[in-house]
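A.B. asks: next one to model:
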Amino acid sequence: MANNKSVIAENIKKYRKKKGITQDKLSKLADITYNTIIKIESGATYNPRVETLKQIADALSVSIDDLMR
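C.D. replies: Predicted structure coming up:
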């Protein structure tokens, strides 16, 4: 992959901005730590756990599939 940010990171950011919510708000909605959101969006956590993705997807009202493609 040319850039080191994952598709998942880009999509989470895209859907989060589309919904007009901050990383902090997303962390509360998804019931995961703010730090986890930052790490995933920044690409520091390249391959987040499925459970974490499910919580983020639910909070953003999208499917895990939407986040992965």
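
A.B. asks: going forward, measure contacts and count neighbours with C-alpha atoms only.
C.D. replies: Fine.

A.B. asks: residues near residue 19, how many?
C.D. replies: Neighbours of residue 19 under the rule other C-alpha atoms under 10 Å: 12.

A.B. asks: distance of it from residue 41?
C.D. replies: Distance, residue 19 to residue 41, by C-alpha to C-alpha, to the nearest Å: 15 Å.

A.B. asks: what residue ranges in the chain score low on pLDDT?
C.D. replies: Within the chain, the stretches with pLDDT under 70 are 1-5.

A.B. asks: any idea which residue sits dead centre in it?
C.D. replies: By C-alpha atoms, centre = their mean, the chain has its centre lying nearest to residue 12, at 3.7 Å.

A.B. asks: which elements pack onto the strand or helix carrying it?
C.D. replies: Using DSSP states H and E, residue 12 sits within helix 7-19. With contacts taken as 3 or more C-alpha pairs under 8 Å, 6 or more residues apart in numbering; DSSP states H and E, helix 7-19 sits against helix 34-42, helix 50-60, helix 64-68.

A.B. asks: can you list these in TSV and add distance to residue 25 and mean neighbour count?
C.D. replies: Formatted as TSV, these follow (distance: least, C-alpha to C-alpha, whole Å; neighbours: other C-alpha atoms under 10 Å):
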stretch	distance to residue 25	mean neighbour count
helix 34-42	9	18
helix 50-60	10	17
helix 64-68	18	15
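
A.B. asks: want to throw those into TSV with distance to residue 8?
C.D. replies: Below are these laid out as TSV (distance: least, C-alpha to C-alpha, whole Å):
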stretch	distance to residue 8
helix 34-42	8
helix 50-60	9
helix 64-68	5
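
A.B. asks: residue 7 is nearest to which of those?
C.D. replies: Smallest distance to residue 7 across the helices and strands packed on helix 7-19 (C-alpha to C-alpha): 6.3 Å, for helix 64-68.

A.B. asks: what's the offset of that closest one from the middle of its chain?
C.D. replies: Relative to its chain's centre, helix 64-68 lies at 10 Å (C-alpha atoms, centre = their mean, to the nearest Å).

A.B. asks: how about residue 24: what's its closest non-neighbour residue?
C.D. replies: In space, and not counting its chain neighbours, residue 24 is closest to residue 34: 5.6 Å by C-alpha to C-alpha, 6 or more residues apart in numbering.
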